[in-house]
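[1] pasting the structure only:
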């Protein structure tokens with residue numbers, strides 16, 4: 001099954017790309033859970049963090065650093081939350097690893 005993110009990568013589904021480099025892209029979440037809710041998506045099709053291998057270490061670090069860089073460029077200095085869902089009980093809706101960046105309101109704990 002081809003995921004929505006793979007269709008965006010291939011150009012089959014249009015998307016407003018906020019950031020893109022050779023390894024990932026960022027878009028607004030279509031179902032935002034905060035005033036600012038971005039997704040940082042790797043171009044490599046990796047179903048979830050639980051399926052990552054040692055060879056994915058550099059990509060995973062790149063995703064987190066990219067999320068932080070985007071948050072900085074958006075002046076999210078009051079704070080933001082980074083979330084990675086893993087599996088159905090973890091809130092995963094699309095089986096393609098992605099990093100959520102949520103900001104623009106005070107976050108609660110526990111989160112779910």
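    That came through, no problem. Just so you know, these numbers come straight off a predicted model, no measurement behind them.
[2] check contacts around residue 102.
    Residue 102 is in contact with 33-34, 36-37, 80-83, counting by C-beta atoms under 8 Å, 6 or more residues apart in numbering. Just so you know, the C-beta spots here come from the backbone N, C-alpha and C atoms, and that holds for glycine as well.
[3] out of the residues you listed, which is most surrounded?
    The residue in those with the most neighbours, by other C-beta atoms under 10 Å, is residue 80 (22 neighbours).
[4] with respect to residue 71, which of the contacts of residue 102 is nearest?
    Nearest to residue 71, judged by C-beta to C-beta, of those is residue 80 at 4.9 Å.
[5] can you check which strand is longest in this structure?
    In terms of residue count, the longest strand belonging to the chain (DSSP state E) is strand 36-42.
[6] and the helix or strand just after it, what does it pack onto?
    Of the helices and strands lying after strand 36-42 in sequence (DSSP states H and E), the nearest is helix 57-73. With contacts taken as 3 or more C-beta pairs under 8 Å, 6 or more residues apart in numbering; DSSP states H and E, helix 57-73 sits against strand 24-28, strand 36-42, strand 80-83, strand 99-103.
[7] quick one on the thing from earlier: angle of the longest strand of the chain against helix 57-73?
    150 degrees (axes from the mean of the first three to the mean of the last three C-alpha atoms, to 10 degrees).
[8] off-centre distance for strand 36-42?
    Remark: strand 36-42 is offset 4 Å from the chain centroid, using C-alpha atoms, centre = their mean, to the nearest Å.
[9] and that strand, what does it pack onto?
    Using 3+ C-beta pairs under 8 Å, 6+ apart, strand 36-42 sits against strand 24-28, helix 57-73, strand 99-103.
[10] now do the same for residue 112: its pLDDT.
    Note for residue 112: predicted pLDDT of 69.
[11] check residue 1 too.
    pLDDT, residue 1: 84.
[12] who does the longest strand of the chain pair up with?
    Using DSSP bridges, strand 36-42 pairs in its sheet with strand 24-28 (antiparallel), strand 99-103 (antiparallel).
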